[in-house]
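Student: Give me coordinates for this.
(chains A and B)
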There are 2 protein chains.
Amino acid sequence: MRIVVPAGGIGGARFLRGLKATLGIVSGQESEAAITVIGNTGDDITLFGLRVCPDLDTVMYTLGGGIDDERGWGRADESFTVKEELAAYGMKPTWFGLGDRDTATHIVRSQMLAAGFPLSAVTEALCDRWRPGVRLLPMTDDQVETHVVVDGDEGPRAIHFQEWWIRHRAQLPARQIVSVGAEKAAPAPGVLEAVREADLVVLPPSNPVVSVGSILGVPGIREALEEAVVVGVSPIIGGAPVRGMADACLTAIGVETSARAVAEHYGPDLLDGWLVDEADAGVEADGIEVESRPLYMTDVDAAAAIARAAVDMGLRIKERRA
Amino acid sequence: MRIVVPAGGIGGARFLRGLKATLGIVSGQESEAAITVIGNTGDDITLFGLRVCPDLDTVMYTLGGGIDDERGWGRADESFTVKEELAAYGMKPTWFGLGDRDTATHIVRSQMLAAGFPLSAVTEALCDRWRPGVRLLPMTDDQVETHVVVDGDEGPRAIHFQEWWIRHRAQLPARQIVSVGAEKAAPAPGVLEAVREADLVVLPPSNPVVSVGSILGVPGIREALEEAVVVGVSPIIGGAPVRGMADACLTAIGVETSARAVAEHYGPDLLDGWLVDEADAGVEADGIEVESRPLYMTDVDAAAAIARAAVDMGLRIKERRA
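Tutor: Sure thing, here's the model as predicted:
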């Protein structure tokens, strides 16, 4: 079975860990199932001359056993010496959590990019070490960056998504969320092929605006996904995001923070099935099958059960259509 | 009193610490004496996309209180997480001692260089933090790199000085030592002016080939120094280098490893006075005044006494000529 998962950071990575578990995928062992992840690169940022890809790294570290499980991002057993020293020199920004172990990843990536390798090749090289047990593709090899338009003293100004998200904790009202460079971007090699050959596409409970939304914003990807059977897992439970500040992003694009509104935002062209939490049982969305079940990913087992439910739902839909 | 010191790494930095002490220079306080250091940049190397200036940093850290005193190079309380992680990715080289704290310095430098600032401006900015109590100038803003020609399987090949020095511990016979880029380099802003206005120039017991020699190789610097009163401190005691592997460098350029041979290599055009260790008492060099006294820099006091002797000798020579 071939499954494609367009994924953001923490939520996507934890869902993927569950999906691997339920499909019995163990790194380095043969498996009947194969997962291709289309990773969001809209959060990427250049800091101190280093190219940082937070979502790709979160997926890679989480599935490769290197993640700090409690924080959900960055490396386990991490130190922040480089960051402290940069601050001692007066270097800005100081708000980004640049760990020492993580810094090495960014140095390797930046070196390879400077040498002319595309991000997809770089990501593959990094995964040679981490062996995440999935094929991890960036959504695009082109530079696409999510910027957020906020109010400034002299009118609206655009700041990088990371600055809005981390420094301002998404507390500055977002007037607009812009995917800079998206219209000229092309899907990375292998992305469209993977979708075309997939038995199933599963949208994890990633941020529907700045994670899944960024991926869908790369010309060609949404169109390809619409041809596939797609089941999504709601990132909203009882009117609030399970984790993170997706509500601030949804508000910025005029979408209500509810399981139903997100499903309708994705729309029936994209979404065939939608898993909502038991708290949202009874929710309906036009043209989309909805099922309810516990959606809190409290541990790997819980994530595996959710992933299994999404896969089963997708296979049922697929069978019915065959 | 204005003193100019062309300096390499550890030996130069420790001598400078003694010179500051004997002149009563305390960072942040007014002083009648002023030291300008012309730092060797021939050891500089680009590693993992970061520009590393080992000698400038050794001087800056030593005089600014950040040095690892036992090693003589790098930062005190240093960790090597980034280096270990780079090695885990299979990145080479692995032989360079890239510390985490040190890495931040290289990131700041690389960022400023990439932004278009010359190395002299970058060095000044880094010194804003370290306040070394001296004016630290790179010998040049141009890229000059010392390479060493060694025997390879397929004939002679040139490797970077750092590779020869650290990886091969100067054990590969050096056929030639080349200062790549030197002939086109210009002294950094302020270098020639400082020499012209100096009351005295002191050559610390730095490596006469790859440290002082590199500085002298920048067109214009040697000529300017020849106009000044210059006293040197021998880096050779009893036929062996005090520290480091200067003998391998001297052999490569056909100079005997002795206090006398080094003085004659510098030559009477450059050198007016030469301090040798008591073990070399009686050594003579054509056209150069020689004095002997204990030259082991066992601690700051010992370095201060040596520096004082060099300054006094220089002032006597100067007075006599006036």
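
Student: How many neighbouring residues does the residue of the stretch 151-300 of chain A found nearest chain B have?
Tutor: Relative to chain B, the nearest point of the stretch 151-300 of chain A is residue A:160 (17.0 Å; C-beta to the nearest C-beta). C-betas here are computed from N, CA, C, even on glycine. Summarising burial for residue A:160: neighbours were counted as other C-beta atoms under 10 Å in any protein chain shown, giving 20.

Student: what does the stretch 51-200 of chain A put close to chain B?
Tutor: Residues of the stretch 51-200 of chain A found near chain B, taking C-beta under 8 Å from any C-beta of the partner chain as the criterion, are A:79, A:81-82, A:84-86, A:88-91, A:100-101, A:103-105, A:107-108, A:110-111, A:114, A:126, A:128-129.

Student: at 7 Å what do you get?
Tutor: Within the stretch 51-200 of chain A, the positions near chain B by C-beta under 7 Å from any C-beta of the partner chain are A:79, A:81-82, A:85-86, A:88-89, A:91, A:100-101, A:103-104, A:107-108, A:110-111, A:114, A:129.

Student: Now list the buried members of these.
Tutor: Neighbour counting over these (16 or more other C-beta atoms under 10 Å in any protein chain shown) leaves A:79, A:81-82, A:85-86, A:89, A:91, A:100-101, A:103-104, A:107-108, A:110-111, A:129 as the buried ones.

Student: got the residue ranges for the helices in chain A?
Tutor: With helices called from DSSP state H, chain A shows them at A:10-23, A:54-64, A:81-88, A:100-114, A:119-130, A:161-162, A:191-197, A:212-216, A:221-226, A:246-252, A:259-266, A:300-321.

Student: Let me know the closest of the buried ones among the residues of the stretch 51-200 of chain A next to chain B to residue B:215.
Tutor: The shortest gap between residue B:215 and any of these belongs to residue A:89, at 26.4 Å (C-beta to C-beta).

Student: How about the contacts made by that closest one?
Tutor: Under the criterion of C-beta atoms under 7 Å, 6 or more residues apart in numbering or on different chains, the contact list for residue A:89 reads B:104, B:108, B:129.

Student: Pretty sure residue A:54 sits against residue A:9.
Tutor: Yes. Counting by C-beta atoms under 7 Å, residue A:54 sits close enough to residue A:9 to count as a contact (5.9 Å).

Student: and for those two, which residues touch both?
Tutor: Residues touching both residue A:54 and residue A:9 comprise residue A:73, with contact defined as C-beta under 7 Å, 6+ apart.

Student: Residue A:56 is in contact with residue A:39, correct?
Tutor: Yes. Counting by C-beta under 7 Å, residue A:39 touches residue A:56, with 4.5 Å between them.

Student: more neighbours, these two?
Tutor: For the pair residue A:39 and residue A:56, the greater number of neighbours falls to residue A:39 (33 against 28), based on other C-beta under 10 Å.

Student: could you measure that one against residue A:252, distance?
Tutor: Remark: distance between residue A:39 and residue A:252 (C-beta to C-beta, to the nearest Å) = 22 Å.

Student: Same question for residue A:185.
Tutor: When residue A:185 is compared with residue A:252 (using C-beta to C-beta), they lie 21 Å apart.

Student: Neighbour count for the two, which is higher?
Tutor: Between residue A:185 and residue A:252, counted using other C-beta under 10 Å, the more crowded position is residue A:185 (23 against 20).

Student: How about the contacts made by the more buried one?
Tutor: For residue A:185, the contact set (C-beta under 7 Å, 6+ apart) comprises A:140, A:142, A:144, A:218-219.

Student: go on, residue A:11?
Tutor: For residue A:11, the contacting residues are A:204-206, A:235, A:242-243, taking C-beta under 7 Å, 6+ apart as the criterion.

Student: Among those, which one has the most neighbours?
Tutor: Using other C-beta under 10 Å as the neighbour test, those are led by residue A:205, with 34 neighbours.

Student: Residue A:234 is in contact with that residue, correct?
Tutor: Yes. If you go by C-beta under 7 Å, residue A:205 and residue A:234 touch, sitting 6.4 Å apart.

Student: Need the residues touching each of those two.
Tutor: With C-beta under 7 Å, 6+ apart applied, the overlap between the contact sets of residue A:205 and residue A:234 consists of residue A:295.

Student: Residues contacting whichever strand in chain A runs longest, please?
Tutor: Residue-count comparison of every strand in chain A, with assignments taken from DSSP state E, identifies strand A:145-152 as the longest. Contacts of strand A:145-152 with the rest of the structure, by C-beta under 7 Å, 6+ apart, involve A:42-44, A:156-161, A:164, A:172-181, A:210, A:214.

Student: run the last query once more with 10 Å
Tutor: Applying C-beta atoms under 10 Å, 6 or more residues apart in numbering or on different chains, the set of residues contacting strand A:145-152 from outside is A:40-46, A:156-165, A:168, A:170, A:172-182, A:209-211, A:213-214, A:217, A:248-249, A:252.

Student: and the closest residue to residue A:136 other than its chain neighbours, what pLDDT?
Tutor: By the measure of C-beta to C-beta, 6 or more residues apart in numbering or on different chains, the closest residue to residue A:136 outside its immediate chain neighbours is residue A:37, 4.9 Å from it. On pLDDT, residue A:37 comes in at 98.

Student: Just list whatever residues bridge to residue A:135.
Tutor: residue A:36 (DSSP bridges).

Student: Contacts only, for it.
Tutor: Taking C-beta under 10 Å, 6+ apart as the contact definition, residue A:135 lies against A:2, A:4, A:34-38, A:123-124, A:127, A:190, A:194.

Student: Out of those residues, which comes closest to chain B?
Tutor: Proximity to chain B was ranked across the contacts of residue A:135 by C-beta to the nearest C-beta; first place goes to residue A:127, at 10.9 Å.

Student: Just the pLDDT for the closest one.
Tutor: For residue A:127, the model assigns a pLDDT of 97.

Student: Can you say which of the contacts of strand A:145-152 are buried?
Tutor: Buried among the contacts of strand A:145-152 by 16+ other C-beta under 10 Å: A:40-45, A:158-165, A:168, A:170, A:172, A:174, A:177, A:179-182, A:209-211, A:213-214, A:217, A:248-249, A:252.
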